[in-house]
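K.L.:
Build the 3D model from these lines:
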Amino acid sequence: MEIKNKTINFFILNKIKIYFIGIILFLGIFSIVYVKNSILKKNNLIAEKYIQANLYLTTNKKDEAKVLFEEIISSKNKFYSILALNTIIEKDLISNKNKILEYFITLEKTISKNDQEDLIILKKALYLIKVLDEKKGIELLNKLVEKNSTLKTIAEDILK
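P.N.:
Numbering: from 1, shown residues only. Reported below is the predicted structural model:
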C-alpha cells in the first residue's frame, strides 16, 4: 500500500514535468519522422528527374536533359549528382570547361565520404587530362597517390 501511495504522490507532484517530457518526446519523434519523410520525398523526386533526363537523352532532347542534369547537380544529392555529372561528361552535353569544373567543386563540397571524394578527384583528373589541362590532372592524380587513397593503384597506372 505504501508503494502505491508513493507512486501516486510522485505523479501528482511531478504532473507538469511528466506532461512536459511526454510532449517533448512526442514532438521529437514527430520531427524525426517528418524529416526522414521529407528526405525520402526529395530523393524520389531527384530520382525521377534523373530518369526523365535519361529519357530525354534517348529521344535526342539534349537541351531538356542538360537542364534536368544541372538541376540534379545543384540539388547536391550525394548519389544522383555524381551520376548526373558523369552523364553530362560522357554525352558531352556541356562544352564549357569552367562550368564542368564548377560542378566538380560543387560535388567536392557535397561529398563527405572519403571514397566518394577520391572518386570525384579521380574523375576530375581524368576530365582535366581529357580537355588538355594535363598538368592539373596529373597534380590531382599525384594527390591521390600521396594520400594513399583506395584508388592509389589506378592513379599510379594512369600516371605511367
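K.L.:
backbone phi and psi for Lys36, please?
P.N.:
Per-residue torsions, Lys36: phi -60, psi -40 (degrees, to the nearest 10).
K.L.:
no wait, Leu132
P.N.:
Its backbone dihedrals place Leu132 at phi 70, psi 30, with angles given as degrees, to the nearest 10.
K.L.:
Just the pLDDT at it, thanks.
P.N.:
Leu132 is assigned 72 on the pLDDT scale.
K.L.:
cool, Leu93 as well?
P.N.:
At Leu93, the pLDDT value in this model is 90.
K.L.:
Tell me how far it lies from Lys66.
P.N.:
Going from Leu93 to Lys66 by CB to CB, to the nearest Å gives 4 Å. Quick note: C-beta positions are derived from backbone N, CA and C, even for glycine.
K.L.:
likewise Ile100?
P.N.:
For Ile100, the distance to Lys66 under the criterion CB to CB works out to 12 Å.
K.L.:
And Lys135, by the same measure?
P.N.:
29 Å.
K.L.:
what's the answer for Lys15, then?
P.N.:
According to CB to CB, Lys15 and Lys66 sit 62 Å apart.
K.L.:
hey, where'd the helices end up in this structure?
P.N.:
Taking DSSP state H as the test, the helices found in the chain are 2-13, 15-58, 62-75, 80-90, 97-110, 114-130, 134-146, 152-159.
K.L.:
Could you dump those into a markdown table with mean neighbour count added?
P.N.:
What follows is the helices of the chain, written out as a markdown table (neighbours: other CB atoms under 10 Å):
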| stretch | mean neighbour count |
| --- | --- |
| helix 2-13 | 9 |
| helix 15-58 | 12 |
| helix 62-75 | 18 |
| helix 80-90 | 19 |
| helix 97-110 | 15 |
| helix 114-130 | 18 |
| helix 134-146 | 16 |
| helix 152-159 | 15 |
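K.L.:
ok, now how distant is the residue most central in space within the chain from Phe30?
P.N.:
Geometric centre of the chain, nearest residue: Lys78, 1.4 Å, by CA atoms, centre = their mean. Shown here: Lys78 relative to Phe30, a distance of 26 Å by CB to CB.
K.L.:
And for Lys49?
P.N.:
Counting by CB to CB - Lys49 and Phe30 are separated by 29 Å.
K.L.:
which residues does Ile21 contact?
P.N.:
If a contact means CB atoms under 8 Å, 6 or more residues apart in numbering, then Ile21 has no contacts.
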